[in-house]
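Student: Provided below are the primary sequence and the corresponding predicted coordinates.
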Amino acid sequence: MSIKVRYFASLKESVGRAEDNLECAGLATVGDVWRFANPDKALPDNSLAAVNMDYVDVSSAVKDGDEVAFFPPVTGG
Amino acid sequence: MSIKVRYFASLKESVGRAEDNLECAGLATVGDVWRFANPDKALPDNSLAAVNMDYVDVSSAVKDGDEVAFFPPVTGG
Amino acid sequence: MAIKIYAEPFDPWQEIQAHQHSATELAGKFGATNIFIGTMRDFNEGDDVLGMTLEHYPGMTEKQLEKIVTEAMRQWPVIDALVVHRVGDILPNEPIVLVAVWTSHRGDAFDASRYIMEALKSRAPFWKKELLKSQTERWLVKNTDGYL
Amino acid sequence: MAIKIYAEPFDPWQEIQAHQHSATELAGKFGATNIFIGTMRDFNEGDDVLGMTLEHYPGMTEKQLEKIVTEAMRQWPVIDALVVHRVGDILPNEPIVLVAVWTSHRGDAFDASRYIMEALKSRAPFWKKELLKSQTERWLVKNTDGYL
């Protein structure tokens, strides 16, 4: 399966990348995507996650073609 | 004592005057002022009253030189 | 704080900008602005309305509005506030009232602006008389709670 | 409904007027407008701030803002709404966000405008990084409740 992973703001800086294009098998959840892309780094506690631009929990399912994003609490407005 | 009385909006139309300049004695309260100026007409129930441009009850005292106003509920904004 | 009563139509955007530019102490210091504008509609209570006449009690209007804004500034950390109100003959689409509040943080701007509007609606001595399409006139009897 | 994301400075008064004029269905029909503007300040948390960079998640930003405005329109009788948000490099005094809501009655305008702002603050994917006078940069960690 193909998963596009995107990182924003301070989380982008701390992982050192804006995105990953994963070709992988056996990733069931958003949490699995993080662990596959960042095996040596835990997802920071207050992080938010989105699949295809909607907010989700890390336990949410992912499927082929999804865009998964990880980012810190938002500070707009 | 001299009391200036002012009427506004629908109350002005129903009393038929915009103001009265009373020269009188023995008027103790705002209610007295109304009754002296309008002996044949009761102050409508929902009316508001002001003395020197501050809201008051009809039982409030008046003194020489006061400007007393009577008007219906306000509808600005 | 500025309180203005106009007998002629006013442009709310020009009023706000002029006030913001003249108040040099605002520059760089406010983070939040809340603005309320009340505009005349061409219908009310099921009837077509051609126009409106707004009567007021000169002097008492300004006194009550200053009191209301002072109360708001005591309750919330308001940096500056502007209230503009029309009187006289008003046509549909014309602004009737403008309230603008400048604060550091958004919660205070919303709260203070709303406080000023609600207090103005219940205490500022203005009275509206509508001219209906049927050519009859009618006094508005009472302000609503803002949700009717 | 209109949602706009600008990488350049915008004039909130022009945005509101342009929207109001283009939305011909508004003419004569709205009685209340509530507007919130968030403006960059030249200080924050006790430090002098020279500027700010606003990062966002293109696509998700628009999707979330549309969702928020749609929620507001479902909860209150909103005639029209406009949301404008800056991204990129921002200087003190520049507007960051504009929310404008047009309704028949004032209560709905205040409620819907505030709902949109609070939801935007907690759900729209924007992130601010401040450049301090000391030349250090810092990410804002969390939006406040609006009263800090």
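Tutor: Sure, I can see it.
Student: The helix or strand bottoming out on mean pLDDT in chain C: partners in the sheet, and parallel or antiparallel?
Tutor: The weakest-scoring helix or strand in chain C, judged by mean pLDDT, DSSP states H and E, is strand C:43-44 (a mean of 89). Strand C:43-44 pairs in its sheet with strand C:47-56 (antiparallel), by DSSP bridges.
Student: hmm, back to that, measure how far the least confident helix or strand of chain C is from the centre of its chain, please.
Tutor: 19 Å (Cα atoms, centre = their mean, to the nearest Å).
Student: ok, which stretches of the chain are helices?
Tutor: I'll assume chain A. In chain A, the helices defined using DSSP state H lie at A:9-15, A:30-37.
Student: let's do chain C instead
Tutor: Assigned by DSSP H, chain C shows helices spanning C:12-22, C:60-75, C:106-123.
Student: Show me the contact partners of the least confident helix or strand of chain C.
Tutor: With Cβ atoms under 8 Å, 6 or more residues apart in numbering or on different chains as the test, strand C:43-44 has contacts from C:49, C:130, D:28. Every C-beta, even on glycine, is put in place using the N, C-alpha and C of the backbone.
Student: Can you name the residues that contact the first one?
Tutor: Contact criterion Cβ under 8 Å, 6+ apart gives C:40-43, C:92, C:130-133 as the residues in contact with residue C:49.
Student: Over to the second one?
Tutor: By Cβ under 8 Å, 6+ apart, residue C:130 lies in contact with C:44, C:47, C:49, C:51-52, C:137-140.
Student: number of nearby residues for the residue nearest to residue C:11 when sequence neighbours are not counted?
Tutor: Leaving aside its sequence neighbours, residue C:11 sits nearest to residue C:95 (Cβ to Cβ, 6 or more residues apart in numbering or on different chains; 7.9 Å). Residue C:95 has 21 neighbours, counted by other Cβ atoms under 10 Å in any protein chain shown.
Student: do the same with residue C:24
Tutor: For residue C:24, using other Cβ under 10 Å, the count is 8.
Student: Give me the neighbour count for residue C:142.
Tutor: Residues near residue C:142, counting by other Cβ under 10 Å: 10.
Student: What sits closest to it if chain neighbours are left out?
Tutor: The shortest distance from residue C:142 to any non-neighbouring residue, by Cβ to Cβ, 6+ apart, is to residue B:73 (5.0 Å).
Student: And residue C:20, by the same measure?
Tutor: Excluding the flanking residues, the one nearest residue C:20 by Cβ to Cβ, 6+ apart is residue C:26, at 6.0 Å.
Student: Pick the most buried one from the helices of chain C.
Tutor: With neighbours taken as mean count of other Cβ atoms under 10 Å in any protein chain shown, these reach their highest mean count in helix C:106-123, at a mean of 23.
Student: just to revisit the earlier point, name the nearest of the contacts of strand C:43-44 relative to chain B.
Tutor: Ranked by distance to chain B (Cβ to the nearest Cβ), the contacts of strand C:43-44 are led by residue C:130 at 10.0 Å.
Student: Enumerate the beta-bridge partners assigned to that closest one.
Tutor: On the basis of DSSP bridges, residue C:130 is bridged to residue C:52, residue C:138.
Student: what's around residue C:139, how many residues?
Tutor: 16.
Student: Correct me if wrong: it contacts residue C:132.
Tutor: No - taking contacts as Cβ atoms under 8 Å, residue C:139 lies outside contact range of residue C:132: 11.9 Å.
Student: Of all the helices of chain A, which one is nearest chain D?
Tutor: Closest among these, using Cβ to the nearest Cβ: helix A:9-15, at 3.6 Å.
Student: Would you mind measuring from the closest residue to chain C within chain A to residue D:58?
Tutor: In chain A, the residue that lies nearest chain C is residue A:77 (7.7 Å; Cβ to the nearest Cβ). Look at residue A:77 and residue D:58: by Cβ to Cβ, to the nearest Å, they are 17 Å apart.
Student: between these two, who's got more neighbours?
Tutor: residue A:77 (23 against 10).
Student: nearest spatial neighbour of the more buried one, skipping sequence neighbours?
Tutor: Counting by Cβ to Cβ, 6+ apart, the residue nearest residue A:77 is residue D:121, at 4.3 Å.
Student: tell me the pLDDT at that neighbour?
Tutor: Residue D:121 carries a pLDDT value of 98.
Student: Hmm, residue C:32 and it touching each other?
Tutor: No - with contacts counted by Cβ under 8 Å, residue D:121 stays clear of residue C:32, the gap being 11.4 Å.
Student: residue nearest the centroid of chain C?
Tutor: residue C:97 (2.9 Å; Cα atoms, centre = their mean).
Student: The nearest residue to it once chain neighbours are set aside bridge partners, please.
Tutor: Using Cβ to Cβ, 6+ apart and skipping residues adjacent in sequence, the residue nearest residue C:97 is residue C:38, 4.2 Å away. Note on residue C:38: beta-bridge partners by DSSP bridges are residue C:97, residue D:32.
Student: show me what contacts the residue nearest to residue A:77?
Tutor: Taking Cβ under 8 Å, 6+ apart as the test, what residue D:121 contacts is A:74, A:76-77, C:106, D:143, D:146.
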